[in-house]
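Enquirer: Make a model of this:
(2 chains)
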Amino acid sequence: MVSRVVVGAHYGLRDWLIQRVTAGVMALGILFLAVYLALHPHPGYEGWRALFSSGPVRTFSLLFLVCLYYHAWIGVRDIAMDYIKPVWLRLLVHVLVILTLIAYAIWSVQILWGL
Amino acid sequence: MKFRIYRYNPETDAAPYMQDYEVGIGHGMLLDALLLIKEQDDSLSLRKSCREGVCGSDAMNINGRNGLACITPLSSLKEPVELRPLPGLPVIRDLIVDMTQFFKQYHSIKPYLVNNDPPPETERLQSPGEREHLNGLYECILCGCCSTSCPSFWWNPDKFVGPAGLLQAYRFIADTRDQATSERLDELEDPYRLFRCHTIMNCVDVCPKELNPTEAIGHIKDMMVRRLV
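Expert: Model prediction:
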């Protein structure tokens, strides 16, 4: 195989944009939690249970977590692209990170809905 | 004034080392001091040409920060003044680096006007407002201070265009006389060529001409978003 440098994958904008949008969603989520904790300083087990038994809170929490995982994927991929040079190792890391994050997403649904 | 200067001659030295110098000078620019040092020791190698911040030859790492020796006042420097070659590029000798990679990236963005219309009798006109957009872009002297202070360029100098190249890319994207805007954006729509920029802003910090490559990169991304949605 020739060792010429290849660039031109023609993607990047969408990920960059998604990283910004997901950051916005997470900022809203953190703000919501901060306001909730300011109003209920010591929620206790019952308080948390009541909060997370509401449908919209569960849905938004899942949205928050999915945003977190997508955001993390782009960030971790960027780090791997900077520091991991052998292509096979980088591909392996990419695949492992994706599978781990998908597993986290499935686990998040189980936790939020108490399945 | 005391100086510690990076010395390396690949033909005779096994490894780079720092050499101390002292010269009786307290005012003027760093380049003046370097020329006095060169009178003491003519084996010290450095590039210089216009000695007034226009040619960009004498870019180097001055006390840990990239800059041009010819426009850096000695009075602004803490002693001993530590001078090293621009980081991230192969050293040819002492303070001289091999800029091939840097210029390769610069050429990759096609740094010339692409216009397929027949040239008019006099010139291709722009309104004053259109011309205004080129301010802060065309002034780049390609000294390499910004790209060699950019960690993204250090890690991927062969794939990431770097702040200097991207500033010039935007200079032609912003030019109303250029007809290759879409092709230019296509060629930058790449995880390495443009999107290695993580807005670290070392480029803005060191630019001796006080230009803002980060802002130009932001404008390129804005234009890509506008094209996408």
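
Enquirer: Enumerate every residue touching the residue in chain A that chain B sits nearest to.
Expert: In chain A, the residue that lies nearest chain B is A:Gly12 (3.8 Å; CB to the nearest CB). Placement of C-beta: from N, CA and C, glycine included. By CB atoms under 8 Å, 6 or more residues apart in numbering or on different chains, the contact list for A:Gly12 reads B:Glu189, B:Asp190, B:Pro191, B:Leu194, B:Phe195.

Enquirer: now the residues you listed as JSON lines including pLDDT?
Expert: Output for the contacts of A:Gly12, formatted as JSON lines (pLDDT from 0 to 100):
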{"residue": "B:Glu189", "pLDDT": "94"}
{"residue": "B:Asp190", "pLDDT": "93"}
{"residue": "B:Pro191", "pLDDT": "93"}
{"residue": "B:Leu194", "pLDDT": "96"}
{"residue": "B:Phe195", "pLDDT": "96"}
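
Enquirer: If you rank those by neighbours, which is first?
Expert: Within those, B:Phe195 tops the neighbour count with 25 neighbours, counted by other CB atoms under 10 Å in any protein chain shown.

Enquirer: Would you agree that one falls within a helix?
Expert: No. Counting by DSSP: H, G, I helix; E, B strand; the rest coil, B:Phe195 falls outside a helix, being coil.

Enquirer: what ranges of chain A fall below the confidence cut-off?
Expert: Residues of chain A meeting the criterion pLDDT under 70: A:1.

Enquirer: so where do the helices sit in it?
Expert: With DSSP state H as the criterion, chain A has helices at A:13-39, A:44-53, A:55-83, A:87-112.

Enquirer: Deepest-packed of those helices, please.
Expert: Comparing these by mean neighbour count (mean count of other CB atoms under 10 Å in any protein chain shown), helix A:55-83 comes out on top with a mean of 16.

Enquirer: Quick one: neighbours of B:Leu68, just the number.
Expert: For B:Leu68, using other CB under 10 Å, the count is 28.

Enquirer: if you skip the residues just before and after it, what's nearest to A:His40?
Expert: Leaving aside its sequence neighbours, A:His40 sits nearest to A:Gly47 (CB to CB, 6 or more residues apart in numbering or on different chains; 5.8 Å).

Enquirer: before we move on, back to that, using CSV, lay out the helices of chain A together with distance to B:Cys203.
Expert: Below are the helices of chain A laid out as CSV (distance: least, CB to CB, whole Å):
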stretch, distance to B:Cys203
helix A:13-39, 18
helix A:44-53, 45
helix A:55-83, 17
helix A:87-112, 26
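
Enquirer: so which of these comes closest to B:Ala33?
Expert: helix A:55-83 (37.1 Å; CB to CB).

Enquirer: Could you figure out how far that closest one is turned away from helix A:44-53?
Expert: Angle, helix A:55-83 to helix A:44-53, by axes from the mean of the first three to the mean of the last three CA atoms, to 10 degrees: 90 degrees.

Enquirer: ok, now which ones touch the closest residue to chain A within chain B?
Expert: In chain B, the residue that lies nearest chain A is B:Phe195 (3.8 Å; CB to the nearest CB). Counting by CB under 8 Å, 6+ apart, B:Phe195 touches A:Gly12, A:Leu13, A:Asp15, A:Trp16.
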